[in-house]
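Colleague: sequence and predicted structure, then a few things I'm wondering about:
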Amino acid sequence: MATDRASDHTLEPQAARLGRRFPWLRLLRVHHWLKNLLLGVPLLTAQAWAQPAAVRRLALGFLAFSLVASATYVVNDLADAGFDRAHPAKRDRPLAAGTIGAAPALAVAGLLGLAGLAGAWFVGGEFLAVLAAYIALTTLYTRLLKRLALLDVLALGALWTLRIVAGAAAIRVELSVWLLSFGAFLFLSLSLVKRCAELHEATAAPGLHLPGRGYRRADLPALQAFGIATGAVSVLVLALFVDSTAAQLHYPHHARLWLICPAIWFWLGRIWLLTGRGEMHHDPIVWSLRDPPSWAAFAAVAAVWTAALVRL
């Protein structure tokens, strides 16, 4: 696993180089727009890809959500600038490093936020309401929740889940309770990974709080137990879905979907294994996008899902 550690430690230096060459791109975290591809999950699960109007609304919704998300990243970085300067990796962020000033950053954030809300209005009222809920929750997280143990990871998980809710609102389909439940538990587990990784990186002595957060180094075992259990529940929800009426109605070979469970379990298990070793990047999604075994797990999920849809 030595190569895993080496590859993880290359993430932040690469980000630091990006920040020096393209500070605005790093400030707006344009590479994090990939996370907003989650808006497309309801389009796939509802099998609505043949509906041009839905696809157009989803594309505009993706852009609107991404612009708003970038605006919230700027606000969050402004609030965290003091703590980021003491962090071994985050100190290279443009606001923490002083590469970009607070005034121009706020101006750009305001423009992006307004543009995103305008785009959301064209998508539809329900989508706009979900996006407004995302803004409200991320603002509450920045101002208060990030400093409250456990409530912070619940908020992070909810912010991820709102992407799926927004995708369903954009294409105007009813959100499956199965998809919502699976996503909620999965994203809560990944949010706990983030906190555990930050605790591993913390330079504070045991017993002291993680700067800007409500955790101590001594909280690691409990947080890891919560995260592993929550991830296991997400796989259980998926397994129960396979034999549900919904799966039988929408998938000609619904039993094949069961094979997705070991792929997701492997991916989550690998994440938590490396987290326990202190080798996980503080953003497990960014790490997964650079991890070949994770891509293999994603490919397996896509192949099994396609096989369950094919009518033979």
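Modeller: Nice, I can see it.
Colleague: tell me who's in contact with the closest residue to W121 other than its chain neighbours.
Modeller: Ranked by CB to CB, 6 or more residues apart in numbering and with sequence neighbours excluded, the top spatial neighbour of W121 is L128, at 5.5 Å. All C-beta spots, glycine's among them, are computed from the backbone N, C-alpha and C. L128 makes contact with L117, A120, W121 under the criterion CB atoms under 8 Å, 6 or more residues apart in numbering.
Colleague: then A307?
Modeller: H253, R256.
Colleague: which element is it on?
Modeller: A307 is part of helix 292-309, with elements assigned from DSSP states H and E.
Colleague: who touches stretch 101-119?
Modeller: Applying CB under 8 Å, 6+ apart, the contact partners of stretch 101-119 are 24, 27-28, 60-61, 63-68, 70-72, 74-75, 77-78, 94-95, 128, 131-132, 135.
Colleague: one more time with 7 Å
Modeller: Stretch 101-119 has contacts (CB atoms under 7 Å, 6 or more residues apart in numbering) with 27, 60, 63-65, 67-68, 70-71, 74-75, 78, 95, 131.
Colleague: pLDDT-wise, what's the bottom of those?
Modeller: Scanning the contacts of stretch 101-119 for pLDDT, the low point is L95. It has 66.
Colleague: strands of this structure, residue ranges please.
Modeller: With strands called from DSSP state E, the chain shows none.
Colleague: and it, what are its domains?
Modeller: The chain breaks down by automatic domain parsing into domains covering 1-175, 177-312.
Colleague: distance check, L240 against L257.
Modeller: 11 Å (CB to CB, to the nearest Å).
Colleague: who's more crowded, those two?
Modeller: Of the pair L240 and L257, L257 is the one with more neighbours under other CB atoms under 10 Å, namely 21 against 13.
Colleague: still on that earlier bit, I'd like the contacts of L128 laid out as CSV, including distance to L249.
Modeller: CSV is the format used below for the contacts of L128 (distance: CB to CB, whole Å):
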residue, distance to L249
L117, 36
A120, 31
W121, 34
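Colleague: which member of those residues is positioned nearest K146?
Modeller: L117 (23.5 Å; CB to CB).
Colleague: how near is that closest one to V286?
Modeller: In terms of CB to CB, L117 sits 27 Å off from V286.
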